[in-house]
Structure formats: C-alpha cells, structure tokens
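Enquirer: Build me a model from this:
(2 chains)
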There are 2 protein chains.
Amino acid sequence: MKRVSLRALLGGLFLFAGGHAADAPQFPPGAWRDISPDNLLLVETRYGTTAIELAPEFAPNHVARVRALVRARFYDGKSFYRVIDGFVAQGGIGEGTAATKDYPKDAAALKKWPPLKAEFDRPAGNDVVFTPLGNADLFAPQVGHVNGLPVGRDPKTGRMWILHCPGTFAFARDNDENTATTEFYIVIGQSPRRLDRQLTAFGRVIDGMQFIQKLNRGDPAVESGVIQDRSRRDRIIRIRLASDLPAAQRPHYQVLRTDSPSFAAEKKKRLHPAPEFYHRPVPQVLDICAVAVPVRRVN
Amino acid sequence: MKRVSLRALLGGLFLFAGGHAADAPQFPPGAWRDISPDNLLLVETRYGTTAIELAPEFAPNHVARVRALVRARFYDGKSFYRVIDGFVAQGGIGEGTAATKDYPKDAAALKKWPPLKAEFDRPAGNDVVFTPLGNADLFAPQVGHVNGLPVGRDPKTGRMWILHCPGTFAFARDNDENTATTEFYIVIGQSPRRLDRQLTAFGRVIDGMQFIQKLNRGDPAVESGVIQDRSRRDRIIRIRLASDLPAAQRPHYQVLRTDSPSFAAEKKKRLHPAPEFYHRPVPQVLDICAVAVPVRRVN
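Expert: Modelled structure (predicted):
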C-alpha cells in the first residue's frame, strides 16, 4: 500500500533530479535533444557536480562571458558567498582579494571583465521554437518552452525571455541595467517571477540541483544573506565547460524536446494524474515553473 | 555597488529563513502573534532544528495524531527516507522493523495508529480570519492567508484549505482518502499545487527550512525516490513539541499577523520593489506561495 501511494504522489516528477534512461518512461529516440558540450557547465562543490545548460540563443554575450570566465579559472576556489534559502545561491565575487574589506571590489577583475550590456529578453523570432504551455500565467502574457527552458513571451512587444524558475541560471548585476560582470546566481526556491526581464537569465540546472540545495545559507536579515563567517561559505571547487574536458570524461546529457509530441503527452499526464490517488477534481492548469522537462544522462 | 544590488535583489524575502527581531523592519508589537508551544513542532536532524507551526484550526485530528506520535517518540531514530529534490521530504515510516523487506509494514504501529479520516479542507467559517491576497490564482478560486498560512477558498462550496507551498507540512496517505497514519512530508520545491485538497496539510515550516533542504535526496526514477542505501538516509534525531520542553528551553517565535496592516504593507512593497533596481514594469500580481510571511524568534 505504501509503495503504491508513494508512486502516485510522485506524479510526473521522476526526472526533475536527472533520472537515468533505464528507469525513465520510454520516449522515442528522436524526442531527445543532445546537449552540446559547449553549452554544458559543470559546477563542482563538495556536495557533488551540478550540470547547467547554457542558452546562447537568449544571451550570447553572457554565454561568451561565462565561458571565458570558466576558461580563465575565474570561479575556481571562490564560493557561494550569498545563499538565501527559498531564493538564490550566488557566487563569483572576487572575495578574499583584499583582506581589509568584507566585500572587496576586485579592481583587476572588473577591468578584465567589464560590465555587459543587458540581455534581459530577445526577439520572439523564428530561429527557435516556442511551444505554448497551454494555459494562462499570472505574470507573463504567454508562457511556454524553448529548448527545454521556461520562457515568457509578449506578442505585443514581440519579445521573449527566460523565466525565473527553480534552477534558472543568471547573472547578478548592480542597480544599473548594464552592470553584470562575473557574479552568477541560481534560483533555489519558489519562482521569484518579479525578477523576470529585470536580469539576464541564460541557462538552467539540468542535473544536480540537490547539491545546490545543500549549500550553507546566509541569514537574509544580515547583509542581504551574505554569509558572514567565511569558513561557512561553500567553495566552488571548480567550474568547467564539458567541451574543455577530454571527450572520455564529458558527461553526455539529453533533454526531451519541448516541441515534441512526447513532451505534449507529459504535460497532459500532469493534468490527469493517477486517478487511483487523486480523488478530487484536479485544476486543469499547469504552473510553468512546476513542469519538469525530462533530462537523462546517457553515459 | 555590489552591496546595493544585493539588497535590492533581496526584496522582501529577508525573513523567509527566520530573521531575528533586531534586523527586521520594525512592525508594531501588536502586529505579531505568538506561536503557541502546543503548536510548535521541533524537528532535529544533524543539520539543525526545523520549527513547524501546526494548524489545528484546519485539521484537528491530524494535529492530535502528530502530537501523540511525538509524545510517544515515534519518529525519533527514524529517517527522511524518501526525499525528492524539488518536491517533498518524507519521513515516518516504520523502517527497520522488519529486516527482510525494503519497506516493511510496521503492523504494531498500524494497529496503534489507525488510519485517520481525511481533513483535506474545512468550512470557510468565521472562527478564523481569511485575508485575501488581492489577486487571482491559477489553481484556486480565491487565495489568501489565515494565521500566516497560504490558503485557498471556494465561495461556491464554502470550503477552505492549506495550499501546497514550499514548507507546507502534511501527512502522506495511501491511495484511499482516509489512510494517513504516521508518515509526514514537507514540501521542498516549487509549489506542487495539484496536491491541494488531495492530502491533509496542517502546518508549515516557520524556521530552519535550510536544514530540510540539506537532506540527502533519493533518485526519483528509482522506487519513487526512496533512498535505496539506508546509510544515506538522514536520521530524524528527534521531534519534540515545544510545550513538552522545560519552559527555559522552548524557542519562542512570533509570526506577523496576516490580517494586520503591517502585512498588507509588506505585500504592497512586493508589488513596488526598489525602483533603483527594477527598471522594467513589475507585474502587479503576487504568487501566494512566494509571499514570505515574516517570522521572528524572540528568545
């Protein structure tokens, strides 16, 4: 009995944490899209390795920047120094370079990595396929998926943008729009949708979100959640691009194509979950940030 | 510059992880409600102690059951044996009582703790104050807060219920409605709102959510996320009711009254975040599950 209920409760979430092919429902081979090793960021902490797919189709300059930072080993040895439970895990500041200040500006780094022009949104063009979720959203005129990413779209302005859902990868910035340099954050809690289109989001965690959730937290009431005791800040051991690893060491991931009939069927399943468990009417609506896009690692 | 942006990004989330009084904005003393030690559950794991406020006004029988279980030390030494990233952390099964089975039924426990009648919802009566959020919701006809809890309400049926938001505390069950006995779960990811009114939710985490997020995860593709290697299951060291502790050892928490002008002002602030940081229009809508209800510990 217990086992039945566990399965029923689980619903369609089996792949959120990166289920493996053998255990996943069978989708036709053509329903899967390979993740390019050039777009696969591997973030290593003491808890494990987290995989992030970058989205150059949304923010080419930010993607180029993070690739360059990674290749320059900028992040290695730095830390997740501002982690707010239910909100974001932020890393990448030049901490530790000036012993006299709590949050030193790393002048050399700022010179080497000048502020980027914001890439908050992009044209809703035909170079990518937008698959509507199929229902309304509280925040955006339209929502759907592009290449596995949760996306908002505004037919009036002809723009689209990546939504702030759990796992969304983005660059932090200062007050002015065009001020992102090196700092990144990962959304770790209930979607902070008010940030949509206010910052440049350009990827999402596809595996290992549980390691990000293990990061030590700061006290959000003290210095905006910056962890005051440096010894409690979890280190970024290293960040690598999969394409910079020897081919034999690269993890190979696939994402279910969000423009495939298989994904359409997955969404439908969520609207009609196991009737032996769900006895009350299930609202016929999906939360774009609660729809898991199946991912599998194939090596 | 960085510090300014950090603060701005943070918005109204400062108390989500239990900020302390000294650092919180000043609310008038009358805006705070004391949490009764009879409704304060303290869940201790190796990561820290998580505080949960129980809601007898929503599910009196489930609250009575969990109090009795805690007083019988039922949970002590058991584990969070099914933890699915982005979904729920579940504990309380009678694991380890039958060495021959993976998920043994604890017959003695089932006899002692017979199935409960479902308390999925309750009358939207006048004994509690429902404060509307002020905007629509994707899933429920109306949403708002009751005693700090995110709540749905249906004027047609005259019922209301606790929503599945991050931190929501509930009892698991088998396929039939009236089958909850001892197992509990805590929502740890994007609100799984399809579970609303399908299970009995009767509390929420008010402090220490970050310790629940540190729990080891299972693989959702294998046995519904039950952690197969028992040595990786994080133990429940103990669960206690604050009222069962000596008075001097009881943590004393207060929650901002969700029917107070102070809370109304907090919600309004979320709709009009720092203009020096938010340069694009902010949608004038709130996600009920993303609205932090301020909590403070006063001892």
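Enquirer: how about residue A:197, what does it touch?
Expert: Residues in contact with residue A:197 (C-beta atoms under 8 Å, 6 or more residues apart in numbering or on different chains) are A:120-121, A:152, A:161, B:280. (C-beta placed from N, C-alpha, C; glycine too.)
Enquirer: Tell me which two in those residues are the farthest apart.
Expert: Largest separation among the contacts of residue A:197 by C-beta to C-beta: A:152 and B:280, giving 11.9 Å.
Enquirer: who's more crowded, those two?
Expert: Neighbours were counted for residue A:152 and for residue B:280 using other C-beta atoms under 10 Å in any protein chain shown; residue A:152 has more, 25 against 13.
Enquirer: which residues does the residue nearest to residue A:243 when sequence neighbours are not counted contact?
Expert: Of all residues not flanking residue A:243 in the chain, residue A:37 sits nearest, at 3.8 Å (C-beta to C-beta, 6 or more residues apart in numbering or on different chains). Residue A:37 makes contact with A:241-243, A:245, A:250, according to C-beta under 8 Å, 6+ apart.
Enquirer: neighbour-wise, which of those leads?
Expert: Neighbour-wise, the contacts of residue A:37 (other C-beta under 10 Å) top out at residue A:242, 20 neighbours.
Enquirer: and that residue, what are its phi and psi?
Expert: Taking degrees, to the nearest 10, you get phi -60, psi -40 for the backbone angles of residue A:242.
Enquirer: dump the residue contacts of it.
Expert: Residue A:242 touches A:37-38, A:40-42, A:250-251, counting by C-beta under 8 Å, 6+ apart.
Enquirer: okay, among those, which ones form the most distant pair?
Expert: A:38 and A:251 (13.7 Å).
Enquirer: how deep is residue A:239 tucked in, by neighbour count?
Expert: With other C-beta under 10 Å as criterion, residue A:239 counts 25.
Enquirer: ok, now which ones touch it?
Expert: Under the criterion of C-beta under 8 Å, 6+ apart, the neighbours of residue A:239 are A:41-44, A:70, A:75-76.
Enquirer: per-residue pLDDT, it?
Expert: Reported pLDDT at residue A:239 in the predicted model: 98.
Enquirer: Is the closest residue to it other than its chain neighbours in a helix, a strand, or coil?
Expert: Distance criterion C-beta to C-beta, 6+ apart; nearest residue to residue A:239, sequence neighbours excluded, is residue A:75 at 4.5 Å. At residue A:75 the chain is in coil, as set by DSSP: H, G, I helix; E, B strand; the rest coil.
Enquirer: how many other residues sit next to residue A:75?
Expert: Neighbour tally, residue A:75, other C-beta under 10 Å: 23.
Enquirer: How about residue A:267?
Expert: As a measure of burial, residue A:267 has 17 neighbours, counting by other C-beta under 10 Å.
Enquirer: I would like the residues contacting the host helix or strand of it, please.
Expert: Assigned by DSSP states H and E, residue A:267 belongs to helix A:261-271. Outside of helix A:261-271, the residues within contact range by C-beta under 8 Å, 6+ apart are A:11-12, A:27-28, A:31, A:131, A:133-134, A:145, A:256-257, A:282, A:284-286, A:291, A:293-294, B:194.
Enquirer: Now that helix: buried residues?
Expert: Within helix A:261-271, the residues scored as buried using 16 or more other C-beta atoms under 10 Å in any protein chain shown are A:262-263, A:266-267, A:270.
Enquirer: Name the nearest of these relative to chain B.
Expert: residue A:270 (7.2 Å; C-beta to the nearest C-beta).
Enquirer: Can you tell me how far the closest one is from residue B:197?
Expert: 17 Å (C-beta to C-beta, to the nearest Å).
Enquirer: and if you look at residue A:119?
Expert: Taken as C-beta to C-beta, the span from residue A:119 to residue B:197 is 41 Å.
Enquirer: before we move on, back to that, any chance of CSV for the contacts of residue A:197, columns pLDDT, distance to residue B:81 and secondary structure?
Expert: Below are the contacts of residue A:197 laid out as CSV (pLDDT from 0 to 100; distance: C-beta to C-beta, whole Å; DSSP: H, G, I helix; E, B strand; the rest coil):
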residue, pLDDT, distance to residue B:81, secondary structure
A:120, 98, 43, coil
A:121, 98, 43, coil
A:152, 98, 38, strand
A:161, 98, 40, strand
B:280, 95, 45, coil
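Enquirer: Pick the one among the residues you listed closest to residue A:190.
Expert: Relative to residue A:190, and with distances defined as C-beta to C-beta, the nearest of the contacts of residue A:197 is residue A:152, at 16.8 Å.
Enquirer: Compute the number of surrounding residues for the closest residue in space to the closest one that isn't next to it in sequence.
Expert: In this structure, residue A:152 finds its nearest non-sequential neighbour in residue A:140, 3.4 Å apart by C-beta to C-beta, 6+ apart. Residue A:140 has 21 neighbours, counted by other C-beta under 10 Å.
Enquirer: where does residue A:140 land in three-state SS?
Expert: When classified by three-state DSSP, residue A:140 comes out as coil.
Enquirer: now do residue A:201
Expert: With three-state DSSP as the criterion, residue A:201 reads strand.
Enquirer: Please apply the same query to residue A:248.
Expert: helix.
Enquirer: Relative to residue A:42, how far out is it?
Expert: Counting by C-beta to C-beta, the gap from residue A:248 to residue A:42 is 15 Å.
Enquirer: one step back: list the residues that contact the residue nearest to residue A:152.
Expert: A:152-154, A:163, A:196, B:283.
Enquirer: returning to that earlier point: hmm, the residue nearest to residue A:239 is touching residue A:67, no?
Expert: No. Residue A:75 lies out of contact with residue A:67 (C-beta atoms under 8 Å); the separation is 11.8 Å.
Enquirer: which residues touch residue A:247?
Expert: Per C-beta under 8 Å, 6+ apart, neighbours of residue A:247: none.
Enquirer: What pLDDT is listed against it?
Expert: Confidence for residue A:247, expressed as pLDDT, is 94.
Enquirer: How about residue A:100?
Expert: 33.
Enquirer: Nearest spatial neighbour of residue A:128, chain-adjacent residues omitted?
Expert: Excluding the flanking residues, the one nearest residue A:128 by C-beta to C-beta, 6+ apart is residue A:146, at 4.9 Å.
Enquirer: Surely that neighbour and residue A:258 touch.
Expert: Yes. The criterion here is C-beta under 8 Å, and residue A:146 meets it with residue A:258 at 7.2 Å.
Enquirer: returning to that earlier point: which one of the buried residues of helix A:261-271 is nearest to residue A:299?
Expert: Proximity of the buried residues of helix A:261-271 to residue A:299 (C-beta to C-beta) peaks at residue A:262, which lies at 21.3 Å.
Enquirer: now that closest one: how far from residue A:31?
Expert: Taken as C-beta to C-beta, the span from residue A:262 to residue A:31 is 4 Å.
Enquirer: how many neighbours does the residue in the stretch 101-250 of chain A that chain B sits nearest to have?
Expert: Per C-beta to the nearest C-beta, residue A:221 is where the stretch 101-250 of chain A lies closest to chain B, at 3.0 Å. Other residues within reach of residue A:221, judged by other C-beta under 10 Å, total 23.
Enquirer: so after the lowest-mean-pLDDT helix or strand in chain A, what's the next helix or strand?
Expert: When the helices and strands of chain A are scored by mean pLDDT, DSSP states H and E, helix A:2-10 comes last with a mean of 40. Sequence order places strand A:32-34 as the next helix or strand after helix A:2-10, per DSSP H and E.
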